[in-house]
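*Asks:* structure for the following, please:
(one chain, ligands or ions: 2)
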Amino acid sequence: MNEQPYNYLGGNDCHETTNPFLRFHELTEGEVQNTIEKVFSNSQWVAAFKTDTHHGIKHGDQVRQSCYKLVDNLTDTEQEILSREGTEISSQKPQEHALTAIGVAAIFHDCGRFDGEGKMSHEQQNIHQITSTERALIFCEKLGISKISDFVAGAIMSHDFQSERITPHLRPPKTIIGKIIQASDQMGWFHPDSVTRTIEYNKQVLGNPFFDSSVTLQERLAWTSGSTSKDALTVMLNQLFGPTTDQRFGIEYARKKVESYRFQLEKNIVGCANSREEAQQVQDIINACRSRK
Ligand SMILES: [Fe+2]
Ligand SMILES: [Fe+2]
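*Replies:* Ligands and ions are numbered 1, 2, ... in the order given. The predicted model follows:
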């Protein structure tokens, strides 16, 4: 494998500590996209990644921006751990190395949802964290920032962990870099605006309506992320009542934030109903789920 860093931004200086990609957090979404296109020239998955509105680069960049907001709001202890991890990557420019690891992991975490042909097969969804990791590591190697690879890999592999019961095939992140990626991505599930994205994804990709009255409460409660559902409401109930433990939100600020989202999230879910009668049924289901919690 070629370890010689290549400067995709066009400058001449690619020494380890002056590599422009150690300022990954300062690149715009457009610059990140251009770099990915150069590194993975002619790859079909990149075309899908560029345009997909659910799990494409737009989503990756939103997670990246939200990660940096979390970094700005870390507790002193969390900040200390992040500094330690940065130093573990490199004693020179530890902060830049840590922020670059966060940025690369955030951008790439869901790119594996698109297979080599740019398609989103069901099988690919279940192994997307592995494919995402492989692509992120190629990216790091080509840009001469392989030092961050272990942290990037650990973070991407754990980003979808919710709980032992819901995601038994995944492990929680061991590093604070991983916790930042996971918390930032998982916060998107709880955000009140997430209902639009969930409804569109269910409709366009899965062909599911917002609400199917034939789905029983038991079916809704038994649903886990990665399994099929008959309507978007089932997924939203998991968003509303999903675990908010520190294994899923290992950053204190993120835990507080998701709790503050709940009220408006519930209002927005009920607001998606097509009629007053349907709204009442949806509210009854939410109340029933709450009493089972
Ligand atoms: Fe994911
Ligand atoms: Fe994601």
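
*Asks:* switch to C-alpha atoms for all contacts and neighbour counts from now on
*Replies:* Noted.

*Asks:* which non-adjacent residue is nearest Phe211?
*Replies:* Spatial nearest neighbour of Phe211, chain neighbours left out: Asp231 (5.4 Å); criterion: Cα to Cα, 6 or more residues apart in numbering.

*Asks:* oops, could you answer that again for Ile148 instead?
*Replies:* Once flanking residues are discounted, Ile148 sits nearest to Ala101: 5.6 Å by Cα to Cα, 6+ apart.

*Asks:* ok, that neighbour - contacts?
*Replies:* Ala101 makes contact with Ile148, Ser149, Phe151, Val152, Ile177 under the criterion Cα atoms under 8 Å, 6 or more residues apart in numbering.

*Asks:* filter these down to the ones in helices?
*Replies:* Judged by DSSP state H, the contacts of Ala101 include Ser149, Phe151, Val152, Ile177 as members of helices.

*Asks:* my read is that the last one contacts Ala98, right?
*Replies:* Yes. With contacts defined as Cα atoms under 8 Å, Ile177 counts as touching Ala98 at a distance of 7.4 Å.

*Asks:* check which helices and strands the helix ranked longest in the chain sits against.
*Replies:* The longest helix of the chain (DSSP H) is helix 252-271. Packing partners of helix 252-271 (3 or more Cα pairs under 8 Å, 6 or more residues apart in numbering; DSSP states H and E): helix 176-190, helix 194-201, helix 232-241, helix 276-292.

*Asks:* what do Ile177 and Ala98 both touch?
*Replies:* With Cα under 8 Å, 6+ apart, Ile177 and Ala98 have common neighbours Leu82, Glu85.

*Asks:* who touches stretch 149-168?
*Replies:* For stretch 149-168, contacts defined as Cα under 8 Å, 6+ apart pick out 101-102, 104-106, 108-109, 129-130, 132-133, 136-137, 140, 170-175, 177-179, 181-183, 185-186, 224-225, 243, 247-248.

*Asks:* what subset of the residues you listed is buried?
*Replies:* Buried residues within the contacts of stretch 149-168, defined by neighbour count using 16 or more other Cα atoms under 10 Å: 101-102, 104-106, 108-109, 129-130, 132-133, 136-137, 140, 170-173, 175, 177-179, 181-183, 185-186, 224, 247-248.

*Asks:* leaving out sequence neighbours, find the closest residue to Asp61.
*Replies:* Per Cα to Cα, 6+ apart, closest to Asp61 is Ile107, 5.7 Å.
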